[in-house]
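Enquirer: What shape does this take:
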Amino acid sequence: MIMDFSFPFPFLFACPANGRLPDSFSGFSQLTADFVKAGTDAVCAPTLTANRAWLAASAPGNDPETLNAKLMGAVRKAAGNCPAGGLLGPTGMFVPPFGEDDFDAIYSVYREQVLALKKAGADFLLLDRQNSLADMRAALLAARNTGLPVLICLSVDGSGHTLTGGDFLPALITLQAMGASAIGLAGDPENGILLENIRAASAHASAPLVFLADTDSQKTSGQFAEAAKPLIQAGVRLFGAGRNTDPEDIRALKNVLEKNGPPKIRKEPDCYAAAIEREAFFLGSDLVFSQPIECTSALEDDLIDLDDEQVNTALVKISSIDDAVLLAESSSMTKLPVAVCAENPSVLEAALRYFQGRLIVDSRSAIEPEVLEPLTAKYGAILY
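Expert: A predicted model of the protein is given here:
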């Protein structure tokens, strides 16, 4: 079945075995059944590291399709009628300037795993512990035609940044525009940085906010559950029981959620914004484009130096696939939201695909509206 993600509150999901490949299938099946009995609304298969990139480095010889089918099948059997989802962890691959990998290669890794999980009966997908906007966008694009809801949880450090220096708010702006079903954070629910991120983003969330909560041996189930209260007040609608949680934690958390929710949700969130991985640019009613900036080796400097009081948006002319790649590699230091103009649909799609953030598309393009509009919508861009 495909889950109805209307998100009635409370909605609680669980990741038995911390989402990683279990040592014992019988033990994992029993743990899954115990989580279901404790009252979880959904469970996740331990497929966090079951993608080709991770397996090649840590468990060579495993076929991703076979492994995902085996793990998903075990969870489906143990969960009974409880919905079951598949976990998608980071690939460990990074596009420039953070690495030398190709975005399409990352997409292919996720596409393989997504199709395997769909075939094996997954009801939803959870992107867990994600630390790169390229990974999250690639996975979301890979899942687009499966019909499966996609939940996304980022992992950030003590300063609130992802491994690639990204922030939660621009990720939220980008991913909800691309169609993510829910977006949030993973970690210790008592971590003030995470709570601060949720609070700051709640006014801009058009998708439900989710929090995947971890615990440790020092906390009782009651203490773990009580930490959810400020998150509910900040707007979190979906909760997950993450690392080191057990059925008692599920019972306690479910009880707290039932007594303290639902959260107040802003009816008209302010999400009219462009974004790069590190910053969201909230837009006014009128955008004033710069003169078209050519894609040359000086593009990054041109974007940084653009400081004209007469414009509020950097307009970049994209004439080739190479231009699209150059823009993706050069845009991280821009001080303004970025718009693109292109005359060829394939070139425009390359720009939208490889740009890690949310672009603005110049509607004055020669591309026909019946092509331009769905292409812009596919990547969550803004047509202006």
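Enquirer: alpha carbons only for contacts and neighbour counts from here, please
Expert: Noted.
Enquirer: I'd like the mean pLDDT over stretch 327-340, please.
Expert: Mean pLDDT, computed over stretch 327-340, is 94.
Enquirer: scratch that, stretch 306-314 is what I was asking about
Expert: Computed over stretch 306-314, the average pLDDT equals 87.
Enquirer: Please enumerate residues in contact with that stretch?
Expert: Contact with stretch 306-314 is made by 287-293, 303, 335-339, as judged by C-alpha atoms under 8 Å, 6 or more residues apart in numbering.
Enquirer: same question, stretch 214-224
Expert: The contact list for stretch 214-224, computed with C-alpha under 8 Å, 6+ apart, reads 186-189, 241-245, 248-249, 252-253.
Enquirer: Can you tell me the centre-most residue of this structure?
Expert: Geometric centre of the chain, nearest residue: residue 152, 3.8 Å, by C-alpha atoms, centre = their mean.
Enquirer: The helix or strand that residue falls within: which residues count as buried?
Expert: Using DSSP states H and E, the element containing residue 152 is strand 150-154. Burial within strand 150-154, assessed by neighbour count using 16 or more other C-alpha atoms under 10 Å, is assigned to 150, 151, 152, 153, 154.
Enquirer: Now pLDDT too, for these, in JSON lines please.
Expert: Shown next, in JSON lines, are the buried residues of strand 150-154 (pLDDT from 0 to 100):
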{"residue": "150", "pLDDT": "97"}
{"residue": "151", "pLDDT": "97"}
{"residue": "152", "pLDDT": "98"}
{"residue": "153", "pLDDT": "98"}
{"residue": "154", "pLDDT": "98"}
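Enquirer: tell me which of those residues is nearest to residue 116?
Expert: Of all these, residue 116 sits closest to residue 150, with 15.1 Å by C-alpha to C-alpha.
Enquirer: Just to check, residue 299 is in contact with residue 330?
Expert: Yes - checked against C-alpha atoms under 8 Å, the pair residue 299 and residue 330 is within contact range at 6.5 Å.
Enquirer: List the pairing partners of the strand holding residue 152 within its sheet, with orientation.
Expert: Here strand 150-154 is paired, per DSSP bridges, with strand 124-130 (parallel), strand 182-187 (parallel).
Enquirer: Including distance to residue 72, could the ones you listed go into JSON lines?
Expert: Output for the strands paired with strand 150-154, formatted as JSON lines (distance: least, C-alpha to C-alpha, whole Å):
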{"stretch": "strand 124-130", "distance to residue 72": "11"}
{"stretch": "strand 182-187", "distance to residue 72": "22"}
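Enquirer: for those, which one sits closest to residue 360?
Expert: Nearest to residue 360 among these is strand 182-187 (21.8 Å), distances taken as C-alpha to C-alpha.
Enquirer: The helix or strand harbouring residue 350 packs against which elements?
Expert: Following DSSP H and E, one finds residue 350 within helix 345-354. If contacts are counted by 3 or more C-alpha pairs under 8 Å, 6 or more residues apart in numbering; DSSP states H and E, helix 345-354 sits against helix 321-330, helix 369-378.
Enquirer: Pull the residues that contact the first one.
Expert: Looking back up the chat, that one is helix 321-330. Contacts of helix 321-330 (C-alpha under 8 Å, 6+ apart): 96-97, 295-296, 299-300, 318, 347-348, 350-351, 354-356.
Enquirer: Show me which of these are buried.
Expert: Using 16+ other C-alpha under 10 Å, the buried members of those are 295, 299, 300, 318, 347, 348, 350, 351, 354, 355, 356.
Enquirer: what's the closest of those to residue 28?
Expert: Nearest to residue 28 among those, counting by C-alpha to C-alpha, is residue 356 at 36.9 Å.
Enquirer: Report the contact partners of that closest one.
Expert: The contact partners of residue 356, taken as C-alpha under 8 Å, 6+ apart, are 133, 134, 137, 276, 277, 328.
Enquirer: among these, which are in strands?
Expert: The members of the contacts of residue 356 that map onto strands under DSSP state E are residue 276.
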